[in-house]
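>>> generate coordinates for the sequence data below:
(2 chains)
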Amino acid sequence: MSKVVVVTSGKGGVGKTTTSASLGAALAQAGQNVVVVDFDVGLRNLDLVLGAERRVVFDLVNVVQGDAKLAQALIKDKRVDTLSLLAASQTRDKDALTEEGVKSVIDELRTKFDWIICDSPAGIEKGAMLAMRFADVAVVVTNPEVSSVRDSDRIIGMLDSKTVRAENGETFEKHLMLTRYNPARAAKGEMLGVDDVLEILAIPLLGIVPESPDVLNASNLGCPVTLHNPASTAAKAYADAAKRLLGETVEITTPALEKQGLLGRLFGRKAVA
Amino acid sequence: MSIFDIFTRKRSAPVARERLQLLLAHERALTGRADLAAILQEEILAVIAKHIAIDREKVNVKLDRSDQVSTLEIDIEMPQSVVKAKAS
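Numbering: from 1, shown residues only, chains lettered A, B, ... in the order given. Reported below is the predicted structural model:
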């Protein structure tokens, strides 16, 4: 049975697209048949993060409006053959999507893939609403920072009221993906900690991705971090998150501080300051 | 940075956490009635307008939220004519 996952956050710039690409790649690497769908019509980026920007011919809007067949618009990844992309249109706006059109595309994708990952645009407008509308599971991407947590709370409220599943009174799984986590700043009390965010948002944790140059490098190269640098902490966090989505029990590791003794900490800090 | 700053450093995360908890408690309670202050203002003004001619420009609405109490403050400046009529 296929699952539709919406990757959402409310706030922009927290890592939705990176998470969609990395989780999608990790699930595909685990042998699953995966399609990642970019719902950010007008501001598409998933193609770029996946390194497929020069291969987009038809997009989601073309399929929704019947200008292209779904098979023509799906772009198969060159590195993992069970990963496909359905890009967003760069020239249209979000009004080009209709609820019936999106439903029929999702229904068709359900017949071909195990996982349909919908990369939501930021905000709470039509594009974000349509991205979550037909989802079975949500991955809420949050940074440990006040504005991101507040927006995530708002989005969680919408997931509980505006999705088809919620309207039918069915269960709706919501998971928290904490990204851009900086263990050093959290330890110093300068950044909200994992427990703080979990207590406030009250949804189960899917994974913690540390702020890391590996993630930026992967985007620069157009290759998801789980493919580009599988040994990195960020890649492991995404691979573990994918396993959890698949129902495996994997212990969550909180990115730790660099090991340093008391003296090292006291004097090491002075050198940095 | 002096070495003593390590012990006196202000931690901002606990403040962030408290502010968020307070804010979200209110926002969750208001879901679906997002414009409570605006609705209250409209309805209260309608009631007052039935009896007194008031200038909409001279109405000030403030909503203040804290741990224990939330206050809705509606400040309406009475027109001169009404004040004079009452005084006489």
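>>> A:E99: how many residues sit nearby?
A:E99 has 14 neighbouring residues, counting by other CB atoms under 10 Å in any protein chain shown. In short, each C-beta sits where N, CA and C put it, glycine included.
>>> any idea how far A:D153 is from it?
25 Å (CB to CB, to the nearest Å).
>>> show me the contacts for the closest residue to A:V215 other than its chain neighbours.
Leaving aside its sequence neighbours, A:V215 sits nearest to A:A234 (CB to CB, 6 or more residues apart in numbering or on different chains; 5.0 Å). Contacts for A:A234 (CB atoms under 8 Å, 6 or more residues apart in numbering or on different chains) come out as A:S22, A:V209, A:P210, A:S212, A:D214, A:V215, A:A218, A:V225.
>>> which ones among these lie within helices?
The helices, defined by DSSP state H, take in A:S22, A:D214, A:V215, A:A218, A:V225 from the contacts of A:A234.
>>> so what's residue 59 scoring on pLDDT?
With no chain named, the answer covers chain A. Looking at A:D59, its pLDDT stands at 94.
>>> sorry, should have said chain B
Residue-level pLDDT assigned to B:V59 equals 77.
>>> that one: neighbouring residues, count only.
Residues lying near B:V59 (other CB under 10 Å) number 15.
>>> then A:T233?
19.
>>> repeat for the one 4 residues further on
A:A237 has 28 neighbouring residues, counting by other CB under 10 Å.
>>> Three-state assignment for A:V140, please.
strand (DSSP: H, G, I helix; E, B strand; the rest coil).
>>> related to what we said a few turns ago, and of the ones in helices among the contacts of A:A234, the nearest to A:G193?
A:V215 (20.5 Å; CB to CB).
>>> how far away is that closest one from chain B?
A:V215 is 23 Å from chain B, where distance means CB to the nearest CB, to the nearest Å.
>>> surely that residue meets A:V225?
Yes. Contact criterion CB atoms under 8 Å: A:V215 and A:V225 qualify, at 5.5 Å.
>>> now, which of the contacts of A:A234 sits nearest chain B?
A:P210 (16.7 Å; CB to the nearest CB).
>>> which one is the closest one nearest to, not counting chain neighbours?
Ranked by CB to CB, 6+ apart and with sequence neighbours excluded, the top spatial neighbour of A:P210 is A:P255, at 3.9 Å.
>>> is the nearest residue to A:M191 once chain neighbours are set aside in a helix, a strand, or coil?
In space, and not counting its chain neighbours, A:M191 is closest to A:R185: 4.1 Å by CB to CB, 6+ apart. Of the three states, A:R185 takes helix according to three-state DSSP.
>>> okay, now A:R185: neighbour count?
Residues near A:R185, counting by other CB under 10 Å: 16.
>>> state the distance from it to A:G15.
17 Å.
>>> likewise for A:S148?
Taken as CB to CB, the span from A:S148 to A:G15 is 10 Å.
>>> comparing the two, which residue is more hemmed in?
When neighbours are counted by other CB under 10 Å, A:S148 comes out ahead of the other of A:S148 and A:G15, with 24 against 21.
>>> before we move on, what SS does the more buried one have?
What three-state DSSP gives for A:S148 is helix.
>>> identify the residues contacting whichever residue of chain B sits closest to chain A.
In chain B, the residue that lies nearest chain A is B:R11 (3.0 Å; CB to the nearest CB). Contacts for B:R11 (CB under 8 Å, 6+ apart) come out as A:K188, A:G189, A:E190.
>>> that one sits in which helix or strand?
According to DSSP states H and E, B:R11 maps onto no helix or strand at all.
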